[in-house]
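> take this sequence and fold it.
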Amino acid sequence: MPAKPKTKRAVKDRRVKKKPCNFCVEKSIDINYKDVGRLRKYISERGKILPRRISGNCAKHQRLLTVAVKRARVIAFLPFVSE
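The predicted structure is shown next:
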């Protein structure tokens, strides 16, 4: 039986190691809308909230982070868009 040649499919099947959630790793961190420095880390230059696959957060903390960013925007701690 001849050996199968390597194809692009073999390269696609590799899984990339997921980033651990920063908030799960450091259990003492609390997500708060007043902590503008930490929230800015999860906002792009255009003012958009970074998705889970890029930020590396788990689903629970991504939801909490989104709520905190939206609250900070309404209170004017963070801008809605960049200039």
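
> the residue sitting nearest the centre point of the chain and V74: what is the separation?
Here the mean C-alpha position of the chain is nearest to the C-alpha of S55 (C-alpha atoms, centre = their mean), at a distance of 2.1 Å. According to C-beta to C-beta, to the nearest Å, S55 stands 21 Å off from V74. From N, CA and C alone the C-beta is placed, and that goes for glycine too.

> likewise for Y33?
The spacing between Y33 and V74, counted by C-beta to C-beta, is 9 Å.

> give me the more crowded residue out of these two.
Y33 (18 against 11; other C-beta atoms under 10 Å).

> wait, the more buried one touches L64, no?
No. Using C-beta atoms under 8 Å as the test, Y33 is too far from L64 to be in contact (10.2 Å).

> what about the longest helix in this structure?
helix 59-74 (DSSP state H).

> just checking, what packs against it?
helix 22-25, helix 36-40, helix 52-55 (3 or more C-beta pairs under 8 Å, 6 or more residues apart in numbering; DSSP states H and E).

> avg pLDDT for it?
Averaging pLDDT along helix 59-74 yields 96.

> how far does that helix sit from its chain's centre?
11 Å (C-alpha atoms, centre = their mean, to the nearest Å).

> for stretch 20-36, same thing?
From the chain centre to the centre of stretch 20-36 is a distance of 12 Å (C-alpha atoms, centre = their mean).

> can you give me the end-to-end distance of it?
Using C-alpha to C-alpha, to the nearest Å, the end-to-end distance of stretch 20-36 comes out at 22 Å.

> which residues does that stretch contact?
Outside of stretch 20-36, the residues within contact range by C-beta atoms under 8 Å, 6 or more residues apart in numbering are 38-39, 56-58, 61, 64-65, 67-69, 71-72, 75, 77-78.

> which PyMOL command selects the buried ones in the residues you listed?
To isolate the buried subset of the contacts of stretch 20-36 in PyMOL, counting by 16 or more other C-beta atoms under 10 Å, use the following:
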select buried, resi 38+39+56+57+61+64+65+68+69+72+77+78
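
> of the contacts of stretch 20-36, closest to R15?
Minimum distance to R15 across the contacts of stretch 20-36 is 15.0 Å, recorded for G56 (C-beta to C-beta).

> cool, thanks, talk later.
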